[in-house]
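1. When you get a sec, could you give me coordinates for this:
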Amino acid sequence: MKAKFLLVITLIMLVPNLIFSQNIIGKWTGEINVLNQKLGIVVNFNIGNDTLKGKIDIPQQMAYGLELTNIRVDSENVNFELVAGPGNIAFFEGEYFLNDNGIPKIEGKFLQMGIVGTFFLDLVKDEIKNDETKSVQKFKDFEVKILSGVDTLAGTLSIPNEDKNKKFKCVILITGSGPQDRDENVFGFKIFKEIATHLANSGIAVLRCDDRGVGQSTNSLGDKINTYDFANDVESCINFLKKHSSIDSKKIGLLGHSEGGIIASIVASRNKDVAFAIFMAGTSIKGDSLLISQLYEITKASGASDEDIQEALRWQKNTLNAIRSNSGWEELREEMFVMSKKQIDTLPDEQKKMFPDSLIYQRIDMLISQSRTEWMRKFIDIDPSVYIEKISCPVLALFGELDTQVPPNSNEVPMRKALEKSKTKYEIKTFKKANHLFQEAQTGSPNEYFMLEKKFIPDFLDFISEWILKI
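-> Sure thing, here's the model as predicted:
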């Protein structure tokens, strides 16, 4: 009798968590705000084996799919934890409520190793919009597997619902830097899914794939992968499409976003089977110059002082020198520590205590580790203009006026000069008020990506489809 009583108590304790968890199932976007810094996050909650599960993405730290633990939900509170390392746990203690528009929100306290901040999350509603779009779509999606060397690329091929005997123009979408899925999902904005839907509804076939090591795509190269390996993957996609019964083998083009633009220029320069190329915020200057230009624009947009901007640029240049020579890392580590301590000394005494030396070094070591990858060593030496000058197919280069990651003021003129040397037909367009994702923005800083509406600036998609169709 006692055992049955205990079982009943246990069930009563468990049921509310499962009942109220229905309120938080889905994708949430928001930010952590700590020490006057904002860190964008994406959280996904779901039910698995009658248990509430969750994962968090922190794109600014190149962290994706991190497991959440100790998720607890009741009618008003949502608490969860993230194990960031041995003895390093981040605690999220939030309150669940509906805002004035009836949209679910979670807001609360963030605590990690003595550092106190706040966080908030908004439930993403774009899945409803996608279902509505799907009901009126004029194309069919096909899951495909493409061999690239010993690896397999998993993707989606969208083919318009027209004459079954017709062969279609086709665009291969190429993602930007960092691990990306086929939708190029940035803070809930599914950039490539939106582009693919529009182009396929316009009568243009589209192929988009998960990056190596993402989703269902394999990666035998591990952390040795670099930009040229991604170019090889695109050529494998071209070979796959050339043999497809619904694709016109002479009308296969490329659309690369950010680093994807570099990849598109490499492939188009050495492959005459490419019918056209679109650079969507594609860079035209050497990688090291881009990183310096990028850092300047982002720190400026964030409101940093001239002194802080110059200090950050000096730090960046020293990092680039260490990458080139693969030496001086210990000296750089100590320099970064001194710089960090200088910034922390400006904080109130209570906040200074939250930053033990061990925590500072932990953050520095993570940044240095990201700088010592094979991808970074190759990237800083790549000069896209070398490849752009060799392109013979028509090119469309698109820039965002407020883009701080590929600033038009340092990329548009070199792009034009390189295309002039190529003697190919080209068009360049800069969209007013557009950021790196071609959303309508205020400053263009990556810190505001997650706050903006999940849609492109007006006329952006129409401009691309009309350009492709008239070639």
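2. Name the spans of the stretch 201-350 of the chain whose pLDDT lies under the cut-off.
-> For the stretch 201-350 of the chain, no stretch is flagged by pLDDT under 70.
3. What segments of it are strands?
-> 205-209, 247-257, 274-280 (DSSP state E, counting those that start in this stretch).
4. As CSV, the ones you listed with distance to Gly48 and mean neighbour count would be great.
-> Just so you know, the C-beta spots here come from the backbone N, C-alpha and C atoms, and that holds for glycine as well. Formatted as CSV, these follow (distance: least, CB to CB, whole Å; neighbours: other CB atoms under 10 Å):
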stretch, distance to Gly48, mean neighbour count
strand 205-209, 27, 27
strand 247-257, 32, 22
strand 274-280, 36, 25
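5. is it possible to export the ones you listed to JSON lines including distance to Phe450?
-> Compiled in JSON lines, the strands of the stretch 201-350 of the chain are given as follows (distance: least, CB to CB, whole Å):
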{"stretch": "strand 205-209", "distance to Phe450": "22"}
{"stretch": "strand 247-257", "distance to Phe450": "18"}
{"stretch": "strand 274-280", "distance to Phe450": "20"}
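6. Of these, which is nearest Ile263?
-> strand 247-257 (5.4 Å; CB to CB).
7. partner strands of the closest one, parallel or antiparallel?
-> Taking DSSP bridges as the criterion, strand 247-257 pairs within the sheet with strand 168-174 (parallel), strand 274-280 (parallel).
8. chain center to the first one: distance?
-> The gap between where strand 168-174 is centred and where its chain is centred comes out at 20 Å by CA atoms, centre = their mean, to the nearest Å.
9. Please could you give me each C-alpha atom of it, formatted as CSV?
-> The C-alpha coordinates for strand 168-174 follow below in CSV (Å, rounded to 0.1, in the frame of the first residue of the first chain):
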residue,chain,number,x,y,z
PHE,A,168,14.9,23.1,-66.1
LYS,A,169,17.5,25.6,-65.3
CYS,A,170,19.0,24.7,-61.9
VAL,A,171,20.7,26.7,-59.1
ILE,A,172,23.1,25.1,-56.5
LEU,A,173,22.9,27.0,-53.2
ILE,A,174,26.3,27.3,-51.4
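10. right, and the helix or strand after that strand?
-> Next helix or strand after strand 168-174 toward the C-terminus (DSSP states H and E): strand 185-186.
11. domains for the protein, by residue range?
-> 2-124, 127-286+382-470, 288-377 (automatic domain parsing).
12. any idea which of these is most buried?
-> domain 127-286+382-470 (a mean of 19; mean count of other CB atoms under 10 Å).
13. roughly how far out does that domain sit from the chain middle?
-> Here domain 127-286+382-470 shows a centroid-to-chain-centroid distance of 13 Å under the convention CA atoms, centre = their mean.
14. now do stretch 92-112
-> 24 Å.
15. Can you tell me what sits against stretch 435-454?
-> For stretch 435-454, contacts defined as CB atoms under 8 Å, 6 or more residues apart in numbering pick out 29-31, 38, 40, 42, 60, 124, 126, 186-191, 258, 280-281, 297-298, 301-302, 398, 400-406, 431, 433-434, 455-458, 460.
16. A strand includes Leu437, no?
-> No: read with DSSP: H, G, I helix; E, B strand; the rest coil, Leu437 is coil and lies in no strand.
17. how much space between it and Gly400?
-> 8 Å (CB to CB, to the nearest Å).
18. Ile309 now?
-> Between Ile309 and Gly400 the distance is 21 Å, computed by CB to CB.
19. quick revisit: which one of the strands paired with strand 247-257 lies closest to Arg208?
-> strand 168-174 (4.2 Å).
20. Direction-wise, compare the closest one with strand 205-209 and give the angle.
-> 20 degrees (axes from the mean of the first three to the mean of the last three CA atoms, to 10 degrees).
21. how much space between the residue most central in space within the chain and Gln316?
-> Nearest to the geometric centre of the chain sits Val186, at 4.6 Å (CA atoms, centre = their mean). Applying CB to CB, the value for Val186 to Gln316 is 23 Å.
22. The stretch 1-150 of the chain: helices as residue ranges?
-> With helices called from DSSP state H, counting those that start in this stretch, the stretch 1-150 of the chain shows them at 2-21, 126-135.
23. same deal with the stretch 301-450 of the chain?
-> Using DSSP H, counting those that start in this stretch, helices in the stretch 301-450 of the chain cover 306-325, 329-344, 349-352, 357-371, 374-379, 384-388, 408-422.
24. Tabulate those helices in JSON lines, adding columns for distance to Trp467.
-> Formatted as JSON lines, the helices of the stretch 301-450 of the chain follow (distance: least, CB to CB, whole Å):
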{"stretch": "helix 306-325", "distance to Trp467": "36"}
{"stretch": "helix 329-344", "distance to Trp467": "45"}
{"stretch": "helix 349-352", "distance to Trp467": "52"}
{"stretch": "helix 357-371", "distance to Trp467": "36"}
{"stretch": "helix 374-379", "distance to Trp467": "28"}
{"stretch": "helix 384-388", "distance to Trp467": "18"}
{"stretch": "helix 408-422", "distance to Trp467": "15"}
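25. Select, out of these, the one closest to Leu82.
-> Judging the helices of the stretch 301-450 of the chain by CB to CB, what sits closest to Leu82 is helix 357-371, at 15.0 Å.
26. Minimum distance to Arg377: which of the strands of the stretch 201-350 of the chain has it?
-> strand 247-257 (21.1 Å).
27. For the closest one, give me every contacting residue.
-> 167-176, 184, 191-192, 195, 205, 234, 238, 241-243, 262-265, 267-268, 273-282, 393, 464, 468, 471.
28. Ok, stretch 88-99 next?
-> Against stretch 88-99 from outside (CB under 8 Å, 6+ apart): 23-24, 73, 75-84, 104-113, 119-121, 362.
29. So Pro408 sits against Gly400, correct?
-> Yes: in terms of CB atoms under 8 Å, Pro408 counts as a neighbour of Gly400; the distance is 7.1 Å.
30. intersection of neighbour lists for those two?
-> With CB under 8 Å, 6+ apart, Pro408 and Gly400 have common neighbours Thr430.
31. does Ile56 have beta-bridge partners, and which?
-> Val43, Leu66.
32. Check the average confidence over stretch 460-471, would you?
-> Stretch 460-471 shows a mean pLDDT of 96.
33. okay, it in CSV with CA atoms only?
-> C-alpha atoms of stretch 460-471 as CSV (Å, rounded to 0.1, in the frame of the first residue of the first chain):
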residue,chain,number,x,y,z
PHE,A,460,15.3,40.9,-53.2
LEU,A,461,14.0,37.5,-54.3
ASP,A,462,12.2,38.8,-57.4
PHE,A,463,15.4,40.5,-58.5
ILE,A,464,17.3,37.2,-58.3
SER,A,465,14.7,35.1,-60.1
GLU,A,466,14.1,37.7,-62.9
TRP,A,467,17.9,37.9,-63.5
ILE,A,468,18.2,34.1,-63.8
LEU,A,469,15.2,33.7,-66.1
LYS,A,470,16.4,36.4,-68.5
ILE,A,471,19.9,34.8,-69.0
